[in-house]
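>>> Got a sequence here, can you model it:
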Amino acid sequence: MQKMTFTFVLLVIFIFSFEKAGSEYCSEYKCMDHVYSEFPMEDLEREKRMAFYRSGKELASQVSDTLDSLLDRRRYNKQMRPPGESEDLDPVRVEINMAIRSMGPIDETKQVFSLDCYFRQSWTDNRLRFNTSGVVELVLNWKFLTKIWKPDTTFLNGQKSYLHKITVPNRFIRISPLGRVSYSQRLTLWASCPMYLGKFPFDSQTCALEIGSYGYTGEDITYVWASKPLSMDELGLAQYHLTDWSHGVATTITKRKISSGFRNDSVAYLRFDFERQTGFFLLGIYFPLTLIVMCSWVSFWIVKTDVPSRVALGVTTVLSVTKVGFGGKAKPQIGYATALDIYIIICFFFSFAALTEFAIINFIDVFFKRLKKWEEDHPEQANARLDMLKRKKLLTGEDSKDDNDEMLEDEHSEQDENDEDEPIKEADDDDDEDLEDEPSEQTKDEDDEIEPIEQVDGDHISVEIEEKATEPDEAEQTKPNLVKNFRAVVFSMRRRVQTYVTTILSFATAVFPLSRHLTVDGCFLYDETQYVVDRIDEMCRILFPLAFLLTSLIYWTFYLYIAED
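Below is the predicted model:
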């Protein structure tokens, strides 16, 4: 029993000594494969990572010490702007650039445009210089912005802008050893863009983005654009196409006022030139309206006796133009007419004119039918009416000619009387002038003969000389002459109007031979009513398309080549 106990103790001592020797042997990295053979090799690199974290901790400690030294309240005041690059009184030079991710929409009603961008600013603050070994640049959290000075840059024409804050505020700051501060943030901007939409939808708009300081004037901060001021991704605007952009900086007197007067600010600007894409309006409004107007011309080929068809077609075209043109939401709601409004009104006029044409010819046909029926039922009254018309000289062209001759003779006689009155008037004027001269000379002589009495018994006596009016009353002589001159002007104007009307009618008769049937006085329209009505339809088949084509040609030429934005 004692032997067994002794043997067991020796065995335990031997095993313990072997394990201790093995661990000491493996600690010298001579049995790695045996000890860690069942673990992957990537776990062996954790020793190096531990060394990296230890060096990073040391680096963080150095950065923390550097920031504590830079932001010491005894040497840094974030309320004061940094000194200029050359002298302390020079303005701070803030360099800016933008990277646009997307742009749009552009709202014509509110006259604003929007864009999503990265807005970057950089400036030099000599108070933040450092010389820490191993630190190339300080990359800091956005919370560090509350501890240093930064420019109060704002968008002067901005209306609604906000900073992206998901999942954290999208901004960061970096500081170089030379004190160069770089500040970036992601923004969504809504800026005002005054627009003139007189050529809508063929217009081009220029929208500006103005950047400046809110509290500092141009004597404290000046803005400059970086060597690459703007970069943008591919923009997918719905209605516009970005044709060009420009940038610049202006240091001028602005409308912003302070106690000493208007401010002299440094304002950086970006101008975007947009051209509207007209595909939607051509396919959705212009083409349907043109097709509706052409459909209204079909009524000219429908016989006038088919009243329901022609009325239904005319009313449908008018309502369709109203729905497509005035009922759509694509039109901007402004207080003046646009190019689209003008075209809608043109199409509405031609559609309504086609409907009115049928109403006119139907009225002519019905009127003369009822007139002939009335004459058959009341022959005595019809004869009396015919006699009355003959007395008023409204049935024959000879009577109308006699009236014109008498009118011309009256005008010539009035003109001759005016010509005879003119020399008499001139003679009367000469006599009046002589009469006016004589009293003046007599009055002059009387003035020479009268001597003032200076003093009589110590009193001054004032002498009043009354002049008698010797001039004739000119109003009585001018009144008849004005009446004669007015009558002469009226007769001259009437003669000119008659000449113009005659010229126009002769031109219309020569160009449109069918219209000579309409120039016949009364009798032809009474005898051949059906023929005249048919000729009116035939004329409208030609006149309406030609007039619409001419109007459209003028419209497109004016708004595409002549009108300016």
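>>> where does residue 177 fall, helix, sheet strand or coil?
coil (DSSP: H, G, I helix; E, B strand; the rest coil).
>>> Export only the CA atoms of stretch 302-314, formatted as PDB.
Taking Å, rounded to 0.1, in the frame of the first residue of the first chain, the C-alpha atoms of stretch 302-314 are listed here in PDB:
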ATOM      1  CA  ILE A 302     -71.500  68.700 -93.700                       C
ATOM      2  CA  VAL A 303     -74.800  69.900 -95.300                       C
ATOM      3  CA  LYS A 304     -76.400  72.700 -93.500                       C
ATOM      4  CA  THR A 305     -79.700  70.800 -93.200                       C
ATOM      5  CA  ASP A 306     -77.900  68.400 -90.800                       C
ATOM      6  CA  VAL A 307     -78.200  70.800 -87.900                       C
ATOM      7  CA  PRO A 308     -77.600  68.300 -85.000                       C
ATOM      8  CA  SER A 309     -74.300  67.100 -86.500                       C
ATOM      9  CA  ARG A 310     -72.900  70.500 -87.200                       C
ATOM     10  CA  VAL A 311     -73.900  71.900 -83.800                       C
ATOM     11  CA  ALA A 312     -72.600  68.900 -81.900                       C
ATOM     12  CA  LEU A 313     -69.300  69.100 -83.700                       C
ATOM     13  CA  GLY A 314     -68.900  72.800 -83.200                       C
END
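>>> I'd like the average pLDDT over it.
Averaged over stretch 302-314, pLDDT sits at 91.
>>> So what touches it?
295-296, 298-299, 351, 354-355, 358, 361-362, 365, 533, 537 (CB atoms under 8 Å, 6 or more residues apart in numbering). Glycine gets a C-beta too; all of them are placed from N, C-alpha and C.
>>> List the residues that contact residue 95.
121-123, 223-226.
>>> The host helix or strand of it: which residues count as buried?
For residue 95, the host element (DSSP states H and E) is strand 92-107. In terms of neighbour count (16 or more other CB atoms under 10 Å), strand 92-107 has its buried residues at 92-100, 103-104, 106.
>>> Direction included, what does it pair up with?
strand 112-124 (antiparallel), strand 221-232 (parallel) (DSSP bridges).
>>> Quick check: what element follows the first one along the chain?
Just to be clear, that refers to strand 112-124. Next element after strand 112-124 (DSSP H and E): strand 138-140.
>>> For that following strand, the averaged confidence score.
The model assigns strand 138-140 a mean pLDDT of 87.
>>> Show me the contact partners of that strand.
63, 66-67, 130, 172-176.
>>> Among these, the buried ones, what's the ChimeraX command?
Selecting only the buried entries of the contacts of strand 138-140 in ChimeraX, with 16+ other CB under 10 Å as the criterion:
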select :63,66,67,130,173,175,176
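>>> which one of the contacts of strand 138-140 is nearest residue 339?
Residue 339 has its nearest neighbour among the contacts of strand 138-140 in residue 172, at 48.0 Å by CB to CB.
>>> Next one: that closest one from residue 143, what distance?
Per CB to CB, to the nearest Å, residue 172 is found 11 Å from residue 143.
>>> about what we covered before: for the contacts of residue 95, give me CSV that also has distance to residue 490 and neighbour count.
Shown next, in CSV, are those (distance: CB to CB, whole Å; neighbours: other CB atoms under 10 Å):
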residue, distance to residue 490, neighbour count
121, 78, 20
122, 82, 17
123, 81, 21
223, 72, 25
224, 74, 12
225, 72, 18
226, 77, 13
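>>> circling back: of all the strands paired with strand 92-107, which lies closest to residue 500?
Judged by CB to CB, the one of the strands paired with strand 92-107 that comes nearest to residue 500 is strand 112-124, at 53.2 Å.
>>> Please identify the buried residues of the closest one?
112-119, 121-124.
>>> for stretch 130-141, same thing?
130, 138, 140.
>>> out of the contacts of stretch 302-314, what pair is the most spread apart?
Among the contacts of stretch 302-314, 295 and 365 lie farthest apart (CB to CB), at 24.1 Å.
>>> which residues touch residue 148?
Residue 148 touches 71, 76, 78, 125, 128, 173, 181, counting by CB under 8 Å, 6+ apart.
>>> The third one looks like it's in a strand, true?
No - note on residue 78: no strand contains this position according to three-state DSSP, which reports coil.
>>> which residues does the spatially closest residue to it that is not a sequence neighbour contact?
Once flanking residues are discounted, residue 78 sits nearest to residue 149: 4.8 Å by CB to CB, 6 or more residues apart in numbering. By CB under 8 Å, 6+ apart, the contact set of residue 149 is 78-82, 125.
>>> how far away is residue 149 from residue 126?
12 Å.
>>> Can you tell me which of the contacts of stretch 302-314 is closest to residue 493?
Ranked by distance to residue 493 (CB to CB), those are led by residue 361 at 34.5 Å.
>>> Kindly provide the whole-number mean pLDDT of the one helix or strand the closest one maps to.
Using DSSP H and E, residue 361 sits in helix 339-377. Averaging pLDDT along helix 339-377 gives 92.
>>> ok, now stretch 506-517?
52.
>>> same check, this time on stretch 65-84
The model assigns stretch 65-84 a mean pLDDT of 85.
>>> and that stretch, how far apart are its ends?
27 Å (CA to CA, to the nearest Å).
>>> in it, what counts as buried?
Quick answer for stretch 65-84 (16+ other CB under 10 Å): 66-67, 70, 76, 81-82, 84.
>>> same thing with stretch 293-306?
293, 296-297, 299-300, 304.
>>> now those residues as JSON lines including distance to residue 283 and secondary structure?
Shown next, in JSON lines, are those (distance: CB to CB, whole Å; DSSP: H, G, I helix; E, B strand; the rest coil):
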{"residue": "293", "distance to residue 283": "17", "secondary structure": "helix"}
{"residue": "296", "distance to residue 283": "21", "secondary structure": "helix"}
{"residue": "297", "distance to residue 283": "22", "secondary structure": "helix"}
{"residue": "299", "distance to residue 283": "26", "secondary structure": "helix"}
{"residue": "300", "distance to residue 283": "28", "secondary structure": "helix"}
{"residue": "304", "distance to residue 283": "36", "secondary structure": "coil"}
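>>> Make TSV out of those and add distance to residue 59.
Listed next are those as TSV, based on distance: CB to CB, whole Å:
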residue	distance to residue 59
293	78
296	83
297	85
299	89
300	91
304	98
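>>> Check which residues of the strand ranked longest in the chain are buried.
Ranked by residue count and defined by DSSP state E, the top strand of the chain is strand 240-258. Within strand 240-258, the residues that count as buried by 16+ other CB under 10 Å are 240, 245, 251, 254.
>>> okay, the angle between that strand and strand 112-124?
60 degrees (axes from the mean of the first three to the mean of the last three CA atoms, to 10 degrees).
>>> How about the contacts made by residue 192?
111-112, 157-159.
>>> Just the buried ones from the residues you listed?
Neighbour counting with 16+ other CB under 10 Å marks 111-112, 157-158 as buried within these.
>>> Counting only strands, which of the residues you listed make the cut?
Short answer: these in strands (DSSP E) are residue 112.
>>> for the buried ones among the contacts of residue 192, which one is nearest residue 270?
residue 157 (10.9 Å).
>>> Quick check: end-to-end length of stretch 167-186?
Using CA to CA, one end of stretch 167-186 lies 13 Å from the other.
>>> what's it in contact with?
Contacts of stretch 167-186 (CB under 8 Å, 6+ apart): 116-132, 135-142, 144-145, 148, 150, 163-164.
>>> Show the average pLDDT along it.
93.
>>> buried stuff in that stretch?
Under 16+ other CB under 10 Å, the buried positions of stretch 167-186 are 171, 173, 175-176, 179-186.
>>> Can you report how many residues lie near residue 221?
Using other CB atoms under 10 Å, residue 221 has 21 neighbouring residues.
>>> What sits closest to residue 92 if chain neighbours are left out?
Counting by CB to CB, 6+ apart, residue 221 is the residue found nearest to residue 92 once chain neighbours are left out, at 5.1 Å.
>>> what sits up against stretch 360-372?
304, 307, 525-526, 529-530, 532-533, 536-537.
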